[in-house]
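K.L.:
Please work out how this folds:
(chains A and B)
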2 protein chains.
Amino acid sequence: VRVDELSTPAVVVDVDVMEANVRRMASRAAAAGIALRPHGKTHKTAEVARVQLAAGAVGLTLAKTSEAETLVAAAGIEDVFLAYPIVGADKGRRLLALSDRVRLAVGVDSVEGARTLAEVFAEAGRSLDVLLKIDVGFHRVGVVPEQAAAMARRIADLRGLRIRGVFTHAGQGYGGQTPAEVAAIGRGESRLTREAAEAIRAAGIPVEVISVGSTPTAASAIAAGGITEARPGSYVFNDASEVELGTCPVEECALTVVATVVSVPAPDRAVLDAGSKTVSNDPLRPRAGSFGHVLGTRSRLARLSEEHGVIAVAEGDTFRVGQRVRVLPNHCCAVANLHDRLFAVRGDVVEDTWPVIARGKVD
Amino acid sequence: VRVDELSTPAVVVDVDVMEANVRRMASRAAAAGIALRPHGKTHKTAEVARVQLAAGAVGLTLAKTSEAETLVAAAGIEDVFLAYPIVGADKGRRLLALSDRVRLAVGVDSVEGARTLAEVFAEAGRSLDVLLKIDVGFHRVGVVPEQAAAMARRIADLRGLRIRGVFTHAGQGYGGQTPAEVAAIGRGESRLTREAAEAIRAAGIPVEVISVGSTPTAASAIAAGGITEARPGSYVFNDASEVELGTCPVEECALTVVATVVSVPAPDRAVLDAGSKTVSNDPLRPRAGSFGHVLGTRSRLARLSEEHGVIAVAEGDTFRVGQRVRVLPNHCCAVANLHDRLFAVRGDVVEDTWPVIARGKVD
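P.N.:
Residues are numbered from 1 along each chain as shown, chains lettered A, B, ... in the order given. The predicted structure is shown next:
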């Protein structure tokens, strides 16, 4: 099957581009002497996980228990970190079962949450590795750096848990208005994460892992030194936001959406069969202004309904009903989560179909 | 299983509320003597479709070919209208196969698009019913009213197609700033749709169906008279946007998300295990300002990541790690499309699990 024979809309991954992205990040981590643990939320597929592991990734990062259950069962992944404050005895029991099959660690950021897992593991005479989440400025979850040592002490005192390290996610990098600003955020993340680790060590608690996250800040955070692990996700596919942030050129974007023009109701408006159900309505970062670039044109998706992508036709572009186009979406992770399969493509040939097996695994 | 035993996040549907919503809209259509053809995109499940059909719906509205293929096969639906400008010979062949099993019609808004389907049906010695889409002010797809008759003439001349009627969708109703403004949009939709039908009849082409869409405008469009069919979707579940638009009270919202507080990093911030992968990041209509209401509180979801829902804690509200809450999402259709199943609930008891079989059917 060729790409132009796919029923549209369809999500295609250029495997050559993806493999180059995987190699590039693996080399960067190897050159810095740190571990690479890619966030699997970007692809949610066994096939892409295997490519990352074959290139030297130490394991996978995921967020939710069900994502880990699914990918461990399907892809034989042996080392998983759930970079998320998992809470609840029901989740604790599932993590206990999972820890029989895989080297496991999870995030914590409160004693109340950590205790729900600790009790399950302690009762089973087992111990769960945890990483303390430090808030390095994104202000989502995590303890502020000045409370890191005190919180680590309280969590280390819980029977059934063992502190393996600290982790951060400088998500504010997606708001960086220039590449220099994004890089400064990455350096800041590296420094704050390292300082939190040092404070915890000074309190007498060993810290084995110092782990930072996010694709736009990865290069600068790694270059700044002092960390042991990086957890970028989007780098494997990249997207319009990474391009806009200056993380990569369009040529390094592996995931695109093949769509068909279904209506041209006015000279300045053309409509694709790909709406928010297909390209997601995640905003372009760092500045909103488009729901996707129409590749090879100057036109962008100005407006989405669930099944309609409305192109604001730029001066000099023309679209006709029936024409096929490629759209570069704003956020590759969100796109993968909407679809049951990705088409793996080399050149114009569809080589394989990858089921997005961990799609929709929210619990 | 009780609701408070569900692994979170989980999407639950209060079946009593849903059934009342179905009855209310069915009565409204019956009282006006028009057909009700609910848009199945809201639920994408066989079970909810059957409730709608049992209450007197003449058939289902859907958008994409694959949605119809899936629901016809699973739910035995006998009458489907694809309210979408389907384009392409590949889709035409699938529609031809589908038309062996179901009474079928599809939308058209261009000769170029219509011809791709006409050729397939003509070659098979068959005829496909089509409804001409009229743009009544949403400016997405459709022909403007003054071109309706001329376009209908050109489409009626294509061998393999038969014009069954006209259809509209006043999506601009979601931007109506007051209930009075929304109602005026509904009345305008009704009038413009009727006038387009009359112009087409005056050109010598019979018009059997005059069909309007959308939940917020349904009551006023139906009351205005002169139409033969309504195609609301969201009414079956309702959501925060319908409440905000004044379409219904919170008590008529059937679909909610059960979530757990996983972090309370600051007094003004609590974080749920439900982010954009769970509640969608569709904006609140008609005015943005929240990604979901936390029911029983004055607090709202102020910010979403894929797996994090950040609550801006309102004065007087408190949240603790481990607490379960119910979130009323902004857009029920988008939520259903994110999940593999909906939990059907009466009171506190989970009665059934409904697979969202047409989820992700984008082509």
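
K.L.:
any chance you could map the strands in the stretch 101-250 of chain A?
P.N.:
For the stretch 101-250 of chain A, applying DSSP state E, counting those that start in this stretch gives strands covering A:103-108, A:128-133, A:161-167, A:209-213, A:229-231.

K.L.:
So the longest one, near chain B or not?
P.N.:
I take that to be strand A:161-167. No: Strand A:161-167 lies out of reach of chain B by C-beta under 8 Å from any C-beta of the partner chain, never closer than 13.9 Å. In short, each C-beta sits where N, CA and C put it, glycine included.

K.L.:
pLDDT on that strand, on average?
P.N.:
When pLDDT is averaged over strand A:161-167, the result is 98.

K.L.:
Mind giving me the packing neighbours of it?
P.N.:
strand A:103-108, helix A:111-123, strand A:128-133, helix A:148-156, helix A:179-202, strand A:209-213 (3 or more C-beta pairs under 8 Å, 6 or more residues apart in numbering or on different chains; DSSP states H and E).

K.L.:
Turn the strands of the stretch 101-250 of chain A into a markdown table, including distance to B:Pro145 and mean neighbour count.
P.N.:
Below are the strands of the stretch 101-250 of chain A laid out as a markdown table (distance: least, C-beta to C-beta, whole Å; neighbours: other C-beta atoms under 10 Å in any protein chain shown):
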| stretch | distance to B:Pro145 | mean neighbour count |
| --- | --- | --- |
| strand A:103-108 | 56 | 24 |
| strand A:128-133 | 57 | 26 |
| strand A:161-167 | 58 | 23 |
| strand A:209-213 | 53 | 25 |
| strand A:229-231 | 55 | 25 |
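
K.L.:
Of those strands, which is nearest A:Ala240?
P.N.:
Smallest distance to A:Ala240 across the strands of the stretch 101-250 of chain A (C-beta to C-beta): 20.4 Å, for strand A:209-213.

K.L.:
Could you check the angle that closest one makes with strand A:128-133?
P.N.:
Here strand A:209-213 runs at an angle of 50 degrees relative to strand A:128-133 (axes from the mean of the first three to the mean of the last three C-alpha atoms, to 10 degrees).

K.L.:
From B:Glu189, how far out is A:Gly137?
P.N.:
A:Gly137 is 48 Å from B:Glu189, where distance means C-beta to C-beta, to the nearest Å.

K.L.:
Likewise for A:Arg341?
P.N.:
From A:Arg341 to B:Glu189 the distance is 38 Å (C-beta to C-beta).

K.L.:
So between those two, which is more surrounded?
P.N.:
B:Glu189 (29 against 17; other C-beta atoms under 10 Å in any protein chain shown).

K.L.:
so what's the nearest residue in space to the more buried one that is not next to it in sequence up against?
P.N.:
What sits nearest to B:Glu189 in space, not counting adjacent residues and going by C-beta to C-beta, 6 or more residues apart in numbering or on different chains, is B:Ala170, at 3.8 Å. Contacts for B:Ala170 (C-beta atoms under 8 Å, 6 or more residues apart in numbering or on different chains) come out as B:Val136, B:Gly137, B:Phe138, B:Ile185, B:Gly186, B:Gly188, B:Glu189, B:Val212, B:Gly213, B:Ser214, B:Thr217, B:Ala221.

K.L.:
Apart from its chain neighbours, what residue comes closest to the last one?
P.N.:
For B:Ala221, the nearest residue in space outside its immediate sequence neighbours is B:Gly186; the separation is 4.0 Å by C-beta to C-beta, 6+ apart.

K.L.:
my read is A:Val11 is in a helix, agree?
P.N.:
No: going by DSSP: H, G, I helix; E, B strand; the rest coil, the assignment for A:Val11 is strand, not a helix.

K.L.:
Just the pLDDT at it, thanks.
P.N.:
According to the prediction, A:Val11 has pLDDT 98.

K.L.:
Export the contacts of B:Ala170 as CSV, with columns for pLDDT and distance to A:Val17.
P.N.:
What follows is these, written out as CSV (pLDDT from 0 to 100; distance: C-beta to C-beta, whole Å):
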residue, pLDDT, distance to A:Val17
B:Val136, 97, 43
B:Gly137, 96, 42
B:Phe138, 96, 37
B:Ile185, 97, 46
B:Gly186, 97, 48
B:Gly188, 96, 48
B:Glu189, 97, 46
B:Val212, 97, 46
B:Gly213, 94, 40
B:Ser214, 96, 41
B:Thr217, 96, 45
B:Ala221, 96, 48
